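**Q** predicted structure and sequence below. I'll ask about it afterward.
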Amino acid sequence: MKRTLPLIITFIAGVFVVVTFFIPREPFGSLEQRMLVWYSILGGFTLLLGIDSLIKHHTRKVARREKDWFYSLVTLFGLFGTLAAGIVTWAKYGTPLELASLNEVGGFFWVYKWIMVPLQGTMFALLAFFIASAAYRAFRARTFDATLLLIAAILVMIGRLSMGVVPATLILAVLLVAAGIHRLLIRKPVFGAVLAALGVGLGVLVLAFPQDAIRLAPQVQEWLMSVPQTAARRGILIGVTLGTIAMSIRIILGIERTYISST
Amino acid sequence: MNFSTILGIWIAATLTIAILSFLYRDNPLYKFAEHLYVGVSVAYWVIYAAKFTMEQMVVNVFADNWQAFLETGSATAFLEAWILVIPTALGFLMLTRWFGPRVGWLSRWPIAFTIGRGAGLGITGSIQGILLPQVQATFLPLWTPDLWQVVANLLLFIGVISTIIYFYFSRPHKGLLGGVSRVGITFIMVSFGAAFGYTVMSRVSLLIGRLYFLVYDWIVGTVDFFKALL
């Protein structure tokens, strides 16, 4: 009952989705859509489990005056304050926010607009700095592969610039020459010479034809994104999909059953 | 600009600076903003789910169908209303985890349903939505009037095949397999680099957006607000 019934439910639900896919006629056609709705409803209930866990964790910290308990209080204040704003707005206007037009409706939208959006946007913007420091460590052109990564990244960045394409390309050229000299010094003459020649060539071309560089930079970026980037991404995606199919078959047949051992 | 808006701008500006203060080092201001963000965003999604999932998919559908059944006596409407008991019951079973392992095992049923549906979609959805379209998009014509397009199509094909072969670990990467996987890693590196550059630029544009907000909405907006008051 505790282990067999969940396996049977998984089997029936999985086979059901596969069968409805091959029978597009009613009532099977609409059943797939219905299961999607049920899935969303279940998602709503699981959110309650998450919020319960969050409240328990932070109230425990506050009650025991653990380290940084004040910040737990801030989380609880944010949580209950926003919930209260949502409930009050909902009761007053019949909806917490007008999704269709995102019109300003009540205090809940105010919290969303002036607290959640700025916090979220700045948090992601902060990653620009950390991603740059990670790039410094990762892109030191130690190997051929790391050099490719570096060049592709910088070319895409230059291609998406709205101004300053020429100086940015010159910086790339100087970086390549510097990396090439460094390779030459640590007894990798061929690789070093290729890098340095690439850098010198790029620098000369940009200085000789600055207008062409400005015109070509977005096209190079576009080509990199649509050909090599798409090719590798597609290869990985196809591999992941094949893995997903294999794992799905294992789950439906009850070979993979780790999901019922965690409860 | 009213008082509510200027108050919102000041709060948003303070929180933006609080988050950016992490660039100096971890500090109480950043921790305050970070913890506030967790609380606010969780509450936002709870209200969102309550409105757009629970109300619209359960309460409203039940009420409409029940009303239709009362008015017309339609068996379909009756069934449409009461079939919602199944996902709702499964949802409540999910909450049995609150009451410990004695009844908590009942939560396996909704989990099993979710996993089973996901696995089913993992077969049909993946084949129809990802695998076949991606394979179809890879086999492009290699004979077109545009030579540049021929090169691009050929590179795309070689890139996809060599990337897949790079992730084939059942045999050692030697000989032909080693050569092809070497080409694959080259494509993967260019791809990761390009994706990285793209991500950096999107983050930078977000940063520009926040700085623009600080300069124009906060500083200029506040000056304008007080000018209007005076």
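**A** Arrived safely, thanks for sending. Fair warning: this is a prediction, and the values are worked out from it, not measured in the lab.

**Q** from what I see, A:Gly78 and B:Glu34 are in contact.
**A** No. A:Gly78 is beyond contact range of B:Glu34, at 10.4 Å (criterion: C-beta atoms under 8 Å). C-beta coordinates here come from the backbone N, C-alpha and C atoms, glycine included.

**Q** who has more neighbours out of the two?
**A** For A:Gly78 and B:Glu34, the more surrounded residue by other C-beta atoms under 10 Å in any protein chain shown is A:Gly78, and the numbers stand at 25 against 18.

**Q** by contact count, what packs against the helix or strand harbouring the more buried one?
**A** Assessed by DSSP states H and E, A:Gly78 sits inside helix A:69-93. Packing contacts for helix A:69-93, counted by 3 or more C-beta pairs under 8 Å, 6 or more residues apart in numbering or on different chains; DSSP states H and E, involve helix A:28-63, helix A:106-111, helix B:28-49.

**Q** ok, which of those comes nearest A:Leu83?
**A** Closest approach to A:Leu83 among the helices and strands packed on helix A:69-93 is made by helix B:28-49 (4.6 Å; C-beta to C-beta).

**Q** give the buried residues for the helix or strand following that closest one.
**A** Next helix or strand after helix B:28-49 toward the C-terminus (DSSP H and E): helix B:60-72. The neighbour-count check on helix B:60-72 (16 or more other C-beta atoms under 10 Å in any protein chain shown) flags B:61-62, B:65, B:68-69 as buried.

**Q** hey, C-alpha coordinates of helix B:60-72 in CSV?
**A** The C-alpha trace of helix B:60-72 is given here as CSV (Å, rounded to 0.1, in the frame of the first residue of the first chain):
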residue,chain,number,x,y,z
ASN,B,60,-14.6,29.6,-10.2
VAL,B,61,-14.8,26.4,-12.4
PHE,B,62,-16.6,24.6,-9.6
ALA,B,63,-19.0,27.5,-9.0
ASP,B,64,-19.8,28.0,-12.7
ASN,B,65,-20.4,24.3,-13.4
TRP,B,66,-22.4,23.9,-10.2
GLN,B,67,-24.6,26.8,-11.2
ALA,B,68,-25.0,25.4,-14.7
PHE,B,69,-26.0,22.1,-13.2
LEU,B,70,-28.6,23.7,-11.0
GLU,B,71,-30.0,25.7,-13.9
THR,B,72,-30.0,23.0,-16.7
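
**Q** so which elements touch that helix?
**A** Short answer (3+ C-beta pairs under 8 Å, 6+ apart): helix B:60-72 packs on helix B:75-82.

**Q** what are the contacting residues of the next helix or strand after the helix it packs on?
**A** Remark: after helix B:75-82, the chain's next helix or strand is helix B:85-94, criterion DSSP H and E. Contacting residues not belonging to helix B:85-94 are listed as A:37-38, A:41-42, A:44-46, A:49, B:58, B:106-107, B:109-111, B:113 [C-beta atoms under 8 Å, 6 or more residues apart in numbering or on different chains].

**Q** any idea how far B:Ile185 is from B:Thr199?
**A** Distance, B:Thr199 to B:Ile185, by C-beta to C-beta, to the nearest Å: 20 Å.

**Q** A:Ile260 is nearest to which of the helices and strands packed on helix A:69-93?
**A** Using C-beta to C-beta, the helices and strands packed on helix A:69-93 put helix A:28-63 closest to A:Ile260, at 16.1 Å.

**Q** now do the closest one against helix B:75-82, angle only.
**A** Angle, helix A:28-63 to helix B:75-82, by axes from the mean of the first three to the mean of the last three C-alpha atoms, to 10 degrees: 20 degrees.

**Q** so what's residue 13 closest to, chain neighbours aside?
**A** If you meant another chain, say so; for now it's chain A. Nearest non-adjacent residue to A:Ala13, counting by C-beta to C-beta, 6 or more residues apart in numbering or on different chains: B:Gly116, 2.9 Å away.

**Q** that's the wrong chain, I wanted chain B
**A** In space, B:Ala13 is closest to B:Trp218, 4.0 Å off (C-beta to C-beta, 6+ apart).

**Q** spit out the contact partners of the one you found.
**A** B:Trp218 touches B:9-10, B:12-13, counting by C-beta under 8 Å, 6+ apart.

**Q** so which of the residues you listed sit within helices?
**A** B:9-10, B:12-13 (DSSP state H).

**Q** coming back round to it: quick one: buried residues of the helix holding A:Gly78?
**A** A:71-76, A:78-79, A:81-83, A:85-86, A:89-90.

**Q** shouldn't B:Ser170 be within a helix?
**A** No. B:Ser170 is assigned coil when assessed by DSSP: H, G, I helix; E, B strand; the rest coil, not a helix.

**Q** ok, A:Met123 - how many residues close by?
**A** A:Met123, neighbours per other C-beta under 10 Å, totals 18.

**Q** in this structure it contacts B:Ile19, no?
**A** Yes. Contact criterion C-beta under 8 Å: A:Met123 and B:Ile19 qualify, at 5.9 Å.
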